[in-house]
Structures are given as structure tokens and as C-alpha cells.
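> predicted model and sequence below, questions to follow.
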Amino acid sequence: VLGLIFALGALIVALFGQPETLPPHIAERNLAAAAVAARNSARQSSGETVLRWANVIGRYLSRPFQEMAILNRDYFFRLLSAGAFFSGMVYSSDSTLIVY
């Protein structure tokens, strides 16, 4: 019961307490760029298929690093990512000590 209360409390804090990740003007700009990219990809010829697949694979491999860039936006996300990193580090060292 206590765990459920904590989980609901964390959900409420996450929904109403955390800042929005994108300002509205940047979100609109990204939506416009995605629409232009969708129109351009529909016009590509079949001769560019190999290049397109290489581009897709490159974006697929670089996407985690692009998404991690959000962690360096402001103090809140830096603190959150540092807390998650150190928590994982402590958990890993604790598991190692238990094994040995």
C-alpha cells in the first residue's frame, strides 16, 4: 500500500512538477522541419535507396546521443542525470560486493 502511494505521488510530481522539455516555438519549428522532410522523402527516386538506408542507419545509431543531449539543458536535468548515474554506480558496486 505504501509503495502504491509513493508511486502515485511520483507520477503526480512527474506530471505537474517537472518542466516541459521543449519550448513551444522549438516544437513548432521541429514539426515544420519534419513535414518538409516527409515531403522530400516521398519525392526520392529508387536510385537513392541505398543512400537513404545509410542515412536511416546513421540516424538510428546517433539518436541515443542526440536524445541524451537533453540532460545537459539546465540544472534540473543535470542533477537528475547525476543522481541516476551515482545511484547506478552504488547499485553496481553493492552487487559486486555481495557476489564477492
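Looks like it arrived, so ask away.
> any residues touching the helix ranked longest in the chain, and which ones?
In the chain, assigned by DSSP state H, the helix with the most residues is helix 75-99. By CB atoms under 8 Å, 6 or more residues apart in numbering, the residues outside helix 75-99 that reach it are 18-19, 70-72. (C-beta placed from N, C-alpha, C; glycine too.)
> buried ones among those?
For those, a neighbour count by 16 or more other CB atoms under 10 Å gives the buried set as residue 71.
> between the contacts of helix 75-99, which is closest to residue 55?
Nearest to residue 55, judged by CB to CB, of those is residue 70 at 22.6 Å.
> picking up where we left off before, next one: the longest helix of the chain to chain centre, how far?
Between the mean C-alpha location of helix 75-99 and the chain-wide mean there is a distance of 18 Å, by CA atoms, centre = their mean, to the nearest Å.
> what helix or strand does residue 55 sit in?
helix 49-68 (DSSP states H and E).
> and that helix, what's its mean pLDDT?
The average pLDDT for helix 49-68 rounds to 81.
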